[in-house]
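S.K.: Quick one, what's the 3D model for this:
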Amino acid sequence: MESLPFALKDPPDPVAVFFQEFGDAREGDDFYVAKESSSIRDLNALIGERAVHCVADSGCSIVAMSDATSNALGLSFDPKCRIPLQSANSKTDWTLGVAKDVPFRFGNIISFLQVHIVESPAYDVLLGRPFEILTQARIQNFLSGDQHYTLTDPNTDKVVTIPTIPRELPRFRKEDGRDRRNQQVER
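M.R.: Take a look at the predicted model:
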């Protein structure tokens, strides 16, 4: 085996290099570092006259809704249009069907979304890439943790910027295997 003309060294520690360049900078002295975690954010929407919290997820390829939410809203769906849905833990379940052209109102714009109905997920509505593509969503994050979505209605060219809120637990749930069809929801 040939010897190398230079000695291989471990790469320098990036934190040590940073502090060599920036000295004794400390968080709070106009120096920022990322938090260990940050809350998931919800968007408020109206479906019909009902308020629904929606989790935005750029990593999801569909718009999904819990079956309990679908029941509470009285949405019908096509049970013949089912797809396999793989969760983050690699478990695969089939959706129950798809509700077509569901009108979601965000501020002064309405988006008609194709919504896959899912049995008992940890959310009421999950807004995936089809929502972001349709609304040409632009997301602005702030150091405070706040977040704004700027949405465009492609049918009317109306634009709205809406703030997100910290994620809340799903409003619509099943109890004892029965749907809560008559649940009262704040408007």
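S.K.: I'd like to know how far the spatially most central residue of the chain sits from L85.
M.R.: By CA atoms, centre = their mean, the chain has its centre lying nearest to A56, at 1.9 Å. Per CB to CB, to the nearest Å, A56 is found 17 Å from L85. All C-beta atoms are positioned from the backbone trio N, CA, C, and that covers glycine.
S.K.: go on, G145?
M.R.: 29 Å.
S.K.: Could you do R105 as well?
M.R.: Counting by CB to CB, the gap from R105 to L85 is 26 Å.
S.K.: try F112
M.R.: 21 Å.
S.K.: ok, those two, which is more surrounded?
M.R.: Of the pair F112 and L85, L85 is the one with more neighbours under other CB atoms under 10 Å, namely 17 against 11.
S.K.: contacting residues around the helix or strand hosting the more buried one?
M.R.: L85 is located in strand 84-86, with elements delineated by DSSP states H and E. The contact list for strand 84-86 (CB atoms under 8 Å, 6 or more residues apart in numbering) reads I62, A64, T92, D93, W94, T95, H116, V118.
S.K.: What's the PyMOL syntax to select whichever of these are buried?
M.R.: Restricted to buried positions by 16 or more other CB atoms under 10 Å, the PyMOL selection for those reads:
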select buried, resi 62+64+95+116+118
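S.K.: Using a markdown table, lay out the contacts of strand 84-86 together with pLDDT.
M.R.: Converted to a markdown table, those look like this (pLDDT from 0 to 100):
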| residue | pLDDT |
| --- | --- |
| I62 | 96 |
| A64 | 97 |
| T92 | 90 |
| D93 | 90 |
| W94 | 94 |
| T95 | 95 |
| H116 | 98 |
| V118 | 95 |
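S.K.: List the ones among the contacts of strand 84-86 that fall in strands.
M.R.: The strands, defined by DSSP state E, take in A64, T92, D93, W94, H116, V118 from these.
S.K.: Tabulate those residues (TSV), appending distance to Y32.
M.R.: As requested, the ones in strands among the contacts of strand 84-86 are exported to TSV (distance: CB to CB, whole Å):
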residue	distance to Y32
A64	34
T92	40
D93	40
W94	44
H116	38
V118	37
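S.K.: coming back round to it: tell me the one of the contacts of strand 84-86 nearest V159?
M.R.: Relative to V159, the closest of these is I62; by CB to CB it sits at 24.8 Å.
S.K.: Lowest-scoring secondary structure element of this structure by mean pLDDT?
M.R.: Lowest on mean pLDDT, DSSP states H and E among the helices and strands of the chain sits strand 178-179, with a mean of 46.
S.K.: And the helices in the protein?
M.R.: 14-22, 67-73, 129-134 (DSSP state H).
S.K.: Between these, which one is closest to D101.
M.R.: Comparing these by CB to CB, helix 129-134 comes nearest, at 11.6 Å.
S.K.: Right, I'll call it a day here.
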